[in-house]
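Visitor: Need a 3D model of the following:
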Amino acid sequence: MKLSDVLIKPILSEKANNQQEKLRRYAFRVDKKANKLEIKRAVENFYGVTVTDVNTVVAPAKSKTRYTKAGFIAGQKSSYKKAFVTIASGETIDLYSNI
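Guide: All right, here's what the predicted structure looks like:
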């Protein structure tokens, strides 16, 4: 897998921001086929930091329903993979520079 296909986008939530400040742990949405070594190489290559630890989570698919004039419409939100990347002390990743 190419390194440019591994990282999809950073996760910018309140919980992720707290982990960035306290634990130097950054959250990314990654390709479902990517493994921990590919994620580590991609983050080190794109952001120029030293990665010490990578944890991954596969969020399961969820069924969604809504009520409309035509009745209930059922659908599904697809599953995705998240990676929590811990970087070495003294280093940071500026996720807001390109916004």
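
Visitor: Excluding sequence neighbours, find me the nearest residue to Ser63.
Guide: Gln76 (5.3 Å; CB to CB, 6 or more residues apart in numbering). In this view, the C-beta of every residue, glycine as well, is placed from N, C-alpha and C.

Visitor: got a list of contacts for the helix or strand harbouring the one you found?
Guide: Using DSSP states H and E, Gln76 sits in strand 71-77. Here strand 71-77 makes contact (CB atoms under 8 Å, 6 or more residues apart in numbering) with Ala61, Lys62, Ser63, Lys64, Thr65, Arg66, Tyr67.

Visitor: can you do 6 Å?
Guide: Applying CB atoms under 6 Å, 6 or more residues apart in numbering, the external contacts of strand 71-77 come out as Ala61, Lys62, Ser63, Lys64, Thr65, Arg66.

Visitor: Check for me that Lys81 belongs to a helix.
Guide: No - Lys81: not assigned to a helix; according to DSSP: H, G, I helix; E, B strand; the rest coil it is strand.

Visitor: mind listing what it touches?
Guide: Listed by CB under 6 Å, 6+ apart, the contact set of Lys81 reads Val30, Lys32, Val58.

Visitor: just to revisit the earlier point, tell me how far the residue nearest to Ser63 lies from Lys64.
Guide: Distance, Gln76 to Lys64, using CB to CB, to the nearest Å: 7 Å.

Visitor: Which stretches in this protein count as strands?
Guide: 7-10, 25-30, 51-59, 62-68, 71-77, 80-87 (DSSP state E).

Visitor: From the contact counts, what lies against the third one?
Guide: Think strand 51-59. In terms of contacts (3 or more CB pairs under 6 Å, 6 or more residues apart in numbering; DSSP states H and E), strand 51-59 is packed against helix 36-47, strand 80-87.

Visitor: No further questions, thank you.
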